[in-house]
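1. no sequence on hand, only this structure:
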């Protein structure tokens, strides 16, 4: 199994490539949205709302909502790389594809897209 540092390096390359392929109107917003890499989601993150094997999460207020109005943390995407690697059964090609898909899905939440919008765009 790759180290966490190796997974982060692969994920950073994959997210960077995904950002470069975005349409300009979306790319400008993606550049403002930090991506934070973790191994696994913590119990605090999972809580009662999420399954322990979630792959990613958008945190904060979506685009267009004034920061701080809902007492939320600054907008960012969390990607859980060891969870994604486990989901990919250790296959690096599947890992990269799932990192890309999970990043784009969470970016969609930042843009205000709901689950139907994400599904329509192939990001479910």
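-> Yep, it's here. Not measured: the values here are computed from a predicted model.
2. list of residues touching the longest helix along the chain?
-> Longest helix of the chain, by residue count under DSSP state H: helix 92-110. For helix 92-110, the surrounding residues in contact (Cβ atoms under 8 Å, 6 or more residues apart in numbering) are 2, 7, 10-11, 14-15, 17-18, 26, 29-30, 33, 35, 55-58, 60, 62-63, 75, 77-79, 81, 84-85, 87-88, 117-118, 121, 123-124. To be clear about C-beta, it is placed using only N, CA and C from the backbone, and glycine gets the same treatment.
3. likewise for stretch 9-26?
-> 2, 27, 30-31, 35, 37, 79, 81, 84, 92, 95-96, 99-100, 103-104, 107, 111.
4. which residues in the chain form strands?
-> Secondary structure of the chain (DSSP state E): strands located at 35-38, 56-59, 76-80.
5. what would those look like in a markdown table with distance to residue 50 and mean neighbour count?
-> Output for the strands of the chain, formatted as a markdown table (distance: least, Cβ to Cβ, whole Å; neighbours: other Cβ atoms under 10 Å):
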| stretch | distance to residue 50 | mean neighbour count |
| --- | --- | --- |
| strand 35-38 | 13 | 16 |
| strand 56-59 | 7 | 20 |
| strand 76-80 | 10 | 21 |
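6. what would those strands look like in a markdown table with mean pLDDT?
-> As requested, these are exported to a markdown table (pLDDT from 0 to 100):
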| stretch | mean pLDDT |
| --- | --- |
| strand 35-38 | 97 |
| strand 56-59 | 94 |
| strand 76-80 | 97 |
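7. now render the ones you listed as TSV, adding distance to residue 44.
-> Output for the strands of the chain, formatted as TSV (distance: least, Cβ to Cβ, whole Å):
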stretch	distance to residue 44
strand 35-38	11
strand 56-59	12
strand 76-80	12
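8. so for residue 48, which of those strands sits nearest?
-> Among the strands of the chain, strand 56-59 comes nearest to residue 48, with 14.4 Å by Cβ to Cβ.
9. that closest one pairs with which strands, and in what direction?
-> In the sheet, strand 56-59 lines up against strand 76-80 (antiparallel) (DSSP bridges).
10. what does the strand it pairs with rub up against?
-> Under the contact criterion Cβ under 8 Å, 6+ apart, strand 76-80 has outside partners 11, 15, 33-41, 45, 54-60, 99, 102-103, 106-107, 110.
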